[in-house]
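Trainee: Predicted structure and sequence below. I'll ask about it afterward.
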Amino acid sequence: MATVLVADDDDDIRELIAYKLQLAGHQVIAVTDGEAAMNTARDIVPDIAVIDVTMPGIDGLAVCAALRGDTRTAHIPVLLLSARAQITDSQAGLDAGAMDYLTKPFSPHDLERRVAALLSR
Amino acid sequence: MILPDWADRLWSPGFSPTDGPLVRDGLARRSWPFALAGVIAAIMVTFPGSHVTDPDDFIATALATVLLLAVTLLAPWPRLPLWTQSIVPIALLGVIGLLRESTGAVGGFAVLVILPVLWLALYGTRSQLVVSIVASIGVFLVPIVLVGAPRYPASGISRIVLWPVTAAIVGVTTYRLVAAERARTSFVDGILAAATQQSIIATDPDGTITVFNAGAERMYGYTATEMVGRSTPLTLHDPAEVAARAAELDVDPGFEVFSARARGGEADTREWTYITRDGSRLKISLSVTPIVDDTGVLRGFIKIGTDVTERTAAEALKDEFVALVSHELRTPLSSIIGYLEVLLDEDETGALSPRQRHFLDVVDRNARRQLRLVSDLLFVSQVDAGRVHLDLADGDLAELASAAVEVAVPRAKAGGVTVTLHGDESVPARVDADRIGQVFDNLLTNAIKFTPPGGQVDVTVTGSDRGARIVVADTGVGIPVAEQHQLFTRFFRASTATSRAIPGVGLGLTIVKAIVDAHRGTMTVSSGADAGTTFGIELPQLAAIEDTALVNNRSTHGAHRERG
């Protein structure tokens, strides 16, 4: 059981991720944009963050970089969700400090496995 | 080049035959070598052995010479009609005639008649040349007529004929050479001037501009007069960009930035930001190539630029559009596919009837099919933009083939087609596994689709030192030879497909070809109507392509990311 921060502006996807992770026994805090993601991460310091790349305002890459730059949140593993199946996106994500990435559409089952893998590191 | 610089400068301004007939400026400059000959002649007269036979005429000669020099130097030639300049060499003939006469025509000054003729052959028009040749006859003939042949010392008729004839031969030959050179130059100039949509800038080896064509004038707002001989192409560039490129090439941020690559003989083509006279910025695709003469000596560089500002903007817009559309199309699909998976996963209690499960499977299959179509369209647009990204890793082609075959078998069975995998057990290769998987999928899907029940599809993967070979052969309906050249054109569908109402959009082979190309591979097809189809793919050892713009290698991520 871990605390998972989920940030995605798409309501349906956010609900799907939250549902799947809650079912796996995690506590999920879901937010809808980059700014809320950064604030929440600093406030509650989750065990892991699942962040969508394409969000209005501050995008997932910027959130990821900001978390890396802050000593309180630098240790949090980040799983990026990219809507575009372009290597450049995932490359940029890995450069920004994400530890793994999934391309949308993703398999919820696969997401759950990857979260578990990142948590067990 | 053999002469020292100062001598070279001294010599060359006098002889620029490509100036054209009697250009407005520089008459004195063009005349000085001829004046020099006159001065030497004057000195010769004072030598012992030459003697002045007619002092009055000699004084007249001296006065005429001084007068002619003064006129040449002081007359406002640029404001006078062009033809008046030809008065100078014609008048010079008169002076030569006087000089001969005053020295008894034995001083050997006859040779001087060649000079005015040569002068007009170099700088004059055809008719002026003819006038000078006729006048050169006059130099010999007039004194004889005035003084009288019997009393004239050097009355040898041969001289009257030989010198003008020699002058005429020298003059006409020179004129023809110069005219040919002038025609060639004006032809080249015409080409440069006609290229108004490209900037053509030539420089000497150090970067000083030697040619600045009409296109460059139009595009950048500077005139050839202010640039040629006075400026380098650096004037036009964004200094920050030049500095960045200099750092990349490890050279000084000067002209070397453009010439370093070209100096080695290779063409250097890249996009640069140009700043025009009015300060606006243009994206210019610039090719720099060296100019090398017949003896292999580097004479300079030629820089040809094309304005791609609008194209770049349009491409950016298109990229943005494709990204937006693909995002908007995929987002709903992500929800559909994700929720379906959860729904089907959780049905452990069997709450769904088999029929309901089947319906949900149909929804899932169709959602995935649409997703594949969106991905294919996105991929094709990336191919168009020349940005196929490969994610290279060590893999096994035989394994990829076997996985693809496994997926294809149920579909093949349903269509009564047998799929068999042949070849090596293991074919290690450095490839983009997802993309090569797509190659197998697309080829197998096609083969099964186009093979009637009872037919056969054979997949063969073999490896060698040079690379790998993939063959997908079917016993299907085939492709008419006349249509084969269009096979890899997007949205093209063979008549054998449309006439049998076999579904598809015509992207599969386009994508296969693009992926094979990106891997530096080659592709062959052999087929005929009702003769089955065989696709062959040769993939080279891929170590060689790692350093290319097409490839985005995960192990070196960051360094090459935004290239291409």
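Mentor: Done, it's in. Numbering: from 1, shown residues only, chains lettered A, B, ... in the order given.
Trainee: Could you give the residue of chain A that lies closest to chain B?
Mentor: The nearest approach of chain A to chain B comes at A:P105, 3.7 Å away (Cβ to the nearest Cβ). (Glycine included, C-beta is placed from N, CA and C.)
Trainee: What residues does that residue make contact with?
Mentor: With contacts taken as Cβ atoms under 8 Å, 6 or more residues apart in numbering or on different chains, A:P105 has the following neighbours: B:R330, B:L333, B:S334, B:I337, B:G338, B:L371.
Trainee: Over to B:Q197?
Mentor: By Cβ under 8 Å, 6+ apart, the contact set of B:Q197 is B:G215, B:T306, B:D307.
Trainee: Give me the number of neighbouring residues for the last one.
Mentor: For B:D307, the number of neighbouring residues by other Cβ atoms under 10 Å in any protein chain shown comes to 19.
Trainee: Just the pLDDT at it, thanks.
Mentor: Here, the pLDDT recorded for B:D307 equals 92.
Trainee: In three-state terms, how would B:A351 be classified?
Mentor: In terms of secondary structure, B:A351 is coil; the call rests on DSSP: H, G, I helix; E, B strand; the rest coil.
Trainee: B:V211 versus B:G265, what's the distance?
Mentor: In this structure, B:G265 lies at 21 Å from B:V211, with Cβ to Cβ, to the nearest Å as the measure.
Trainee: And these two? Which one has more around it.
Mentor: With other Cβ under 10 Å as the criterion, B:G265 and B:V211 differ in neighbour count, and B:V211 comes out ahead with 18 against 10.
Trainee: Pick out the residue closest to the middle of chain A.
Mentor: In chain A, the residue lying closest to the centroid (Cα atoms, centre = their mean) is A:V50, at 1.6 Å.
Trainee: So it belongs to a strand, correct?
Mentor: Yes. When classified by three-state DSSP, A:V50 is found to be part of a strand.
Trainee: Just read off the phi/psi values of A:L81.
Mentor: Its backbone dihedrals place A:L81 at phi -110, psi 120, with angles given as degrees, to the nearest 10.
Trainee: quick one, what contacts the residue found closest to B:P480 once you drop the neighbours it is linked to in the chain?
Mentor: Ranked by Cβ to Cβ, 6 or more residues apart in numbering or on different chains and with sequence neighbours excluded, the top spatial neighbour of B:P480 is B:A529, at 4.9 Å. For B:A529, the set of contacting residues under the criterion of Cβ under 8 Å, 6+ apart consists of B:V477, B:G478, B:I479, B:P480, B:T496.
Trainee: quick check, nearest of those to chain A?
Mentor: When these are compared against chain A (criterion: Cβ to the nearest Cβ), the nearest one is B:I479, at 30.2 Å.
Trainee: can you count the residues close to that closest one?
Mentor: Summarising burial for B:I479: neighbours were counted as other Cβ under 10 Å, giving 23.
Trainee: close enough to count as contact, it and B:A531?
Mentor: No. Under the criterion of Cβ atoms under 8 Å, B:I479 is not in contact with B:A531, lying 9.1 Å apart.
Trainee: Mind naming the longest strand for chain B?
Mentor: Ranked by residue count and defined by DSSP state E, the top strand of chain B is strand B:281-292.
Trainee: same question for that one, mean pLDDT?
Mentor: Averaged over strand B:281-292, pLDDT sits at 91.
Trainee: Which element, helix or strand, includes residue 62?
Mentor: Just so you know, I chose chain A. When elements are defined using DSSP states H and E, A:A62 is found to belong to helix A:60-69.
Trainee: look at chain B instead
Mentor: Since the elements are taken from DSSP H and E, B:A62 ends up inside helix B:55-74.
Trainee: And that helix, what does it pack against?
Mentor: Helix B:55-74 is packed against helix B:27-46, helix B:87-102, with contacts defined by 3 or more Cβ pairs under 8 Å, 6 or more residues apart in numbering or on different chains; DSSP states H and E.
Trainee: Quick check: which of those is nearest to B:V297?
Mentor: When these are compared by Cβ to Cβ, helix B:27-46 sits nearest B:V297, at 26.6 Å.
Trainee: Can you list the buried residues in that closest one?
Mentor: B:L27, B:R30, B:S31, B:P33, B:F34, B:A35, B:G38, B:A41, B:V45 (16 or more other Cβ atoms under 10 Å in any protein chain shown).
Trainee: Could you do stretch A:104-112 as well?
Mentor: Counting neighbours by 16+ other Cβ under 10 Å, the buried set in stretch A:104-112 is A:K104, A:P105, A:F106, A:P108, A:L111, A:E112.
Trainee: Show me the strands in chain A, by range?
Mentor: Counting by DSSP E, chain A has strands at residues A:3-7, A:27-31, A:48-52, A:78-82, A:100-103.
Trainee: so how far is the last one off the chain centroid?
Mentor: I take that to be strand A:100-103. Here strand A:100-103 shows a centroid-to-chain-centroid distance of 9 Å under the convention Cα atoms, centre = their mean, to the nearest Å.
Trainee: and what of stretch B:274-289?
Mentor: Using Cα atoms, centre = their mean, the offset of stretch B:274-289 from its chain centre is 16 Å.
Trainee: okay, residue 89: pLDDT?
Mentor: Here I'm looking at chain A. Confidence at A:D89, expressed as pLDDT, is 59.
Trainee: switch to chain B, that's the one I care about
Mentor: What the model reports as pLDDT for B:P89 is 86.
Trainee: Skipping its backbone neighbours, what lies nearest it in space?
Mentor: According to Cβ to Cβ, 6+ apart, the nearest residue to B:P89 is B:P116 (3.7 Å).
Trainee: which one among the buried residues of helix B:27-46 gets closest to chain A?
Mentor: B:R30 (62.8 Å).
Trainee: Okay, now the unreliable bits of chain B?
Mentor: Regions of chain B meeting the criterion pLDDT under 70 cover residues B:1-26, B:29, B:47-51, B:105-107, B:147-157, B:542-564.
Trainee: in it, what residue is nearest chain A?
Mentor: Taking Cβ to the nearest Cβ, chain B has B:S334 as its residue nearest chain A, at 3.7 Å.
Trainee: Surely B:S231 is in a strand?
Mentor: No. Assessed by three-state DSSP, B:S231 does not belong to a strand; its assignment is coil.
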